[in-house]
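A.B. asks: sequence plus the predicted model coming up.
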Amino acid sequence: MALAWTPSARLKQVALERAQPLAASLELTYRCNWRCVFCYNPRHHDRRGLSGAEWAAVLDDLRALGSLYVALTGGEPLTHPEFLDIARGARERAFALRILTNGALVTDALADEIAGLRPLAVELSLHGATAETHDRATATPGSFDAMLRGLDRLLGRGVGVVLKTPLTRLNEGEVEGMRRIAGERGVPWRLDPVLTPRDDGDPGPLAFRSSPESVERMFRDLKALGQLPQEERTAGGTNCGLGRTTIAVDPEGNVFPCLQWRRAPL
């Protein structure tokens, strides 16, 4: 089963010409049960979060704009009290759905509900190959074991899962171990060397950047596996769909070009 949604070249080009947001990331909440030391969110609470009805209105707007796929993220989206209603609303409107979660809150009952949504993929966070490293990264004792339990519950119900890892100085020595965790479960694993400052400008997360040697080794491994991104770029072409084929909405309903572009709304 394909786990990554990739628009055709023609569809992408038409969307760029029309400034049509094919993909939307919805940050349902800033609340989170983990405290990852390199998280880009500056806070773990909502000043005034949108209700399920308000998120339903956002979904209606996205459908009118011609969006095709929606990612529910956070914070930890499962902490939103109306998460399931919002997720069902996305599927009822025929959006392809991705859920970005740390997995620790996935109970048997919730795994049943998520399986019923038939999401394109559920993306879970893996921050180390051992509980010691993972729990240090999340500043939450027991988070490693809780994530693995959530992962296995989803896999047991046939849900398409992707594991993803920010490469940091904490876990750069456990790359093979994390690859093994994914391989043993037969799920894709994505490694990302990019850390960013917090959305309020705090550069604290950058202290956890991985070494240049580890980043170089990561790209060498990807090249050997034939997994380096391949895209033809031409002079005057568009390198990114930021604000044209992508859109992001934060927990208070502010709209941004993408999750990493935090300028005050006009």
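C.D. replies: Okay, I see it. Numbers count the residues shown, from 1 in each chain.
A.B. asks: quick check, residue 84 in a helix?
C.D. replies: Yes: applying DSSP: H, G, I helix; E, B strand; the rest coil, one finds residue 84 inside a helix.
A.B. asks: quick check: it touching residue 112?
C.D. replies: No: Residue 84 lies out of contact with residue 112 (C-beta atoms under 8 Å); the separation is 10.9 Å. Using the backbone N, CA and C atoms, a C-beta is placed for each residue, glycine as well.
A.B. asks: which of those two has more residues huddled nearby?
C.D. replies: residue 84 (16 against 11; other C-beta atoms under 10 Å).
A.B. asks: ok, and the closest non-adjacent residue to the more buried one?
C.D. replies: If you skip the residues right next to it in sequence, residue 84 has residue 113 as its closest partner in space, 5.6 Å away by C-beta to C-beta, 6 or more residues apart in numbering.
A.B. asks: what's the neighbour count on that neighbour?
C.D. replies: Residues near residue 113, counting by other C-beta under 10 Å: 15.
A.B. asks: all further residue positions should be reported with the first residue as 12.
C.D. replies: Fine by me, first position is 12 from now on; the one you just mentioned is residue 124.
A.B. asks: assign it to helix, strand or coil.
C.D. replies: helix.
A.B. asks: ends of stretch 93-109, what's the gap?
C.D. replies: 16 Å (C-alpha to C-alpha, to the nearest Å).
A.B. asks: list the buried residues in that stretch.
C.D. replies: 93, 94, 95, 97, 98, 99, 100, 101, 106, 107, 108, 109 (16 or more other C-beta atoms under 10 Å).
A.B. asks: which outside residues touch stretch 222-241?
C.D. replies: Residues outside stretch 222-241 that contact it (C-beta atoms under 8 Å, 6 or more residues apart in numbering) are 178, 180, 183, 186, 202, 204.
A.B. asks: hang on, the third one packs against residue 221?
C.D. replies: Right, the one you point to is residue 183. Yes: assessed by C-beta under 8 Å, residue 183 is found in contact with residue 221 at 4.5 Å.
A.B. asks: who has more neighbours out of those two?
C.D. replies: residue 221 (22 against 18).
A.B. asks: tell me the contacts of the more buried one?
C.D. replies: Taking C-beta under 8 Å, 6+ apart, one finds 178, 179, 180, 183, 204 in contact with residue 221.
A.B. asks: quick check, central residue of this protein?
C.D. replies: Central residue of the chain (C-alpha atoms, centre = their mean): residue 111, 4.3 Å from the mean position.
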